[in-house]
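Participant: generate coordinates for the sequence data below:
(chains A and B)
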Amino acid sequence: MLSTLDFSIIPLSLPFILKGLLYSIELTLISMTGGIVIGTLLALARLSGGPVLAGAAKIYVDLMRSIPLLLMILWFFFLIPLLTGFRMGQENSAIITFTIFQAAFYSEIMRAGIQSIPKGQVFAGYAIGMTYWQTMANVVLPQAFRNMLPVLLTQTFILFQDTSLVYAIGATDLLKAAENAGKNYNRPVEMYLFSALIYFSICFSLSMLVRHVQKRVAIQR
Amino acid sequence: MNYHWNWSIFFQTVPSGDETYLAWIIHGLGWTVAISLSAWVIALVLGSLIGTLRTAPNRKLALLGHAWVEFFRNVPILLQLFLWFFVVPELLPRDLSLWVKQEMPAKEFITAVIALGLFTSARVAEQVRAGIQSLPRGQMNAGLAIGFTVPQTYRYVLLPMAFRIIIPPLTSEFMNAFKNSGVAYAVGVWELIFVSRQMTEETGGQVIESLIVPTVLYILCAYGANRLMHVIEKRAHVPGFIVAK
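Facilitator: Reported below is the predicted structural model:
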């Protein structure tokens, strides 16, 4: 019943929750950065690499996109120590998994972005003597990023929500921290509601930001 | 790599009974499919309704649709599941709350279906809205001009075309429903991921075998969903409009 809810534990648990939230944000930012860098390289490999490189990149992207993230988190958590003999914490394992997994999604966005640039621009770059990499770095990619900024942000917003799945390997993110706090103070209901409020506020602001950016970057022709 | 492969674990009997792990996997697959399909039905029905409401001329209805989408889109699916499972029963009236907690049959399964269904419904609603809004404005006016009421215009003019347009993005949402269904393990539904983790523990760490089979089954499910939607897309094709090969 609503009347039996006791929100006085929220200030008590706040330091704990903040630590979890900080990890969720850290995981989001690191895997976003890594994912965009690797994703852009994958997109370039698919568009201008040889048949072998392009094929490999395609298989990688399709495979990542067809496996549930939850399973990938488990795979990496168990496989990395097996392959390398090196034990890393749940937190680090999650960062690696998310970077590698998200790269596939960012690469599809970047591929669309690169393809949205008219071919003439690439030729124009070559015509004034730029190499392939110079053309990409100075002409194509800046525009591709600009065009795709709203979609990249939307993907990041999905990524932030997905970080809650690290629950499966017991990394202490916002959700896990809230659950632990709920157990410690024997107030799980309040803590779940509180964490939902935090997720909602962050995601809602992000989606507002996306809408704003969408209007700003729309190319005026 | 120091790993002892042992594929025979699938034919071992589980410690708690006389079934084999293979039977468990098959049950797990059944639950995964059951959760995903039931959630998809809910998502499709509610999503179409909410998405249509968002484009409706009535402002209150449009606002209701908007609030629905924002709520279900901005909270992670796993947390939504926990909210349905742990929080909602506490907020119900006393008798109902007790019944839900102690007697409700298949409680885990039903909550998982509700959570996944509503979560996906917000995404479907966004697609339906985009589909309706992509139609030329003249279509609505044409419907009204020949004497249809607003609901009739939606039913006979706008929706049939809008649904055809959004089949490709709906296909990915359908596949996502399968991929997201894995969170149900967290409240104890015996679906594929639950079985996989159980196997890893009970067989003393045959991780790769217990992960590979569910992974392949998930891929097959998502692929099956993709093919099914593809058939629907071709069947529903209106001559003169572009359709995927």
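
Participant: please make it C-alpha for all contacts and neighbour counts, starting now.
Facilitator: Noted.

Participant: tell me which residues in stretch A:179-194 are buried?
Facilitator: Buried residues in stretch A:179-194, counted by 16 or more other C-alpha atoms under 10 Å in any protein chain shown: A:179, A:180, A:181, A:182, A:187, A:188, A:189, A:190, A:191, A:192, A:193, A:194.

Participant: residue nearest the centroid of the chain?
Facilitator: I'll assume chain A. Centroid-nearest residue in chain A, with C-alpha atoms, centre = their mean: residue A:159, separated by 3.8 Å.

Participant: the intended chain is chain B.
Facilitator: residue B:177 (3.3 Å).

Participant: once you drop chain neighbours, what's closest to that residue?
Facilitator: residue B:36 (5.6 Å; C-alpha to C-alpha, 6 or more residues apart in numbering or on different chains).

Participant: close to chain B: what parts of chain A are there?
Facilitator: Within chain A, the positions adjacent to chain B are A:1-2, A:66-71, A:75, A:78-79, A:82-85, A:161-162, A:164-165, A:168, A:175, A:188-189, A:192-193, A:196, A:199-200, A:203-204 by C-alpha under 8 Å from any C-alpha of the partner chain.

Participant: buried subset of those?
Facilitator: When those are checked for burial by 16+ other C-alpha under 10 Å, the buried set is A:66-71, A:75, A:78-79, A:82, A:161-162, A:164-165, A:168, A:175, A:188-189, A:192-193, A:196, A:199-200, A:203-204.

Participant: okay, helices next: where are they in chain A?
Facilitator: Remark: helices assigned in chain A by DSSP state H are A:9-48, A:51-66, A:69-84, A:90-115, A:119-127, A:132-135, A:141-162, A:174-184, A:188-217.

Participant: flag the shaky bits of the chain, pLDDT-wise.
Facilitator: Looking at chain A here, since you left the chain open. Scanning chain A for pLDDT under 70 picks out the ranges A:1-3, A:218-221.

Participant: not what I meant, chain B
Facilitator: B:1-2, B:241-245.

Participant: and it, which residues reach chain A?
Facilitator: B:1-3, B:70-71, B:74-80, B:82-83, B:86-87, B:90-94, B:179-180, B:182-183, B:186, B:193, B:207-208, B:211, B:215, B:218-219, B:222.

Participant: got a ChimeraX select line for the buried ones in the residues you listed?
Facilitator: The buried residues among these can be selected in ChimeraX (16+ other C-alpha under 10 Å) with this line:
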select /B:70,74,75,76,77,78,79,80,82,83,86,87,90,91,179,180,182,183,186,193,207,208,211,215,218,219,222
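
Participant: on that earlier part again, the residue nearest to residue B:177 contacts residue B:175, doesn't it?
Facilitator: No: if you go by C-alpha atoms under 8 Å, residue B:36 and residue B:175 don't touch, sitting 9.1 Å apart.

Participant: dump the buried residues of stretch A:179-194 to TSV, plus distance to residue B:127.
Facilitator: Compiled in TSV, the buried residues of stretch A:179-194 are given as follows (distance: C-alpha to C-alpha, whole Å):
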residue	distance to residue B:127
A:179	33
A:180	37
A:181	38
A:182	36
A:187	38
A:188	35
A:189	33
A:190	33
A:191	33
A:192	29
A:193	28
A:194	30
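
Participant: who touches residue B:61 in this structure?
Facilitator: B:53, B:54 (C-alpha atoms under 8 Å, 6 or more residues apart in numbering or on different chains).

Participant: and it, how far from chain A?
Facilitator: Plainly put, residue B:61 is 21 Å away from chain A if you go by C-alpha to the nearest C-alpha, to the nearest Å.

Participant: number of nearby residues for residue A:112?
Facilitator: Counted with other C-alpha atoms under 10 Å in any protein chain shown, the neighbours of residue A:112 add up to 15.

Participant: mind checking how far it is from residue B:170?
Facilitator: Note on residue A:112: its distance to residue B:170, by C-alpha to C-alpha, to the nearest Å, is 19 Å.

Participant: count the residues that sit near residue B:32.
Facilitator: By the criterion of other C-alpha under 10 Å, residue B:32 has 28 neighbours.

Participant: that one: which element?
Facilitator: helix B:21-55 (DSSP states H and E).

Participant: and that helix, what other elements does it pack with?
Facilitator: Under the contact definition 3 or more C-alpha pairs under 8 Å, 6 or more residues apart in numbering or on different chains; DSSP states H and E, helix B:21-55 sits against helix B:59-73, helix B:107-133, helix B:167-180, helix B:192-202, helix B:207-235.

Participant: angle of the next helix or strand after the second one against helix B:107-133?
Facilitator: Elements were assigned by DSSP H and E; along the chain past helix B:107-133, the next helix or strand is helix B:137-145. An angle of 90 degrees separates the directions of helix B:137-145 and helix B:107-133 when computed by axes from the mean of the first three to the mean of the last three C-alpha atoms, to 10 degrees.

Participant: helix or strand right after helix B:137-145?
Facilitator: Next element after helix B:137-145 (DSSP H and E): helix B:150-153.

Participant: return the set of buried residues in that following helix.
Facilitator: In helix B:150-153, counting by 16+ other C-alpha under 10 Å, buried: residue B:153.
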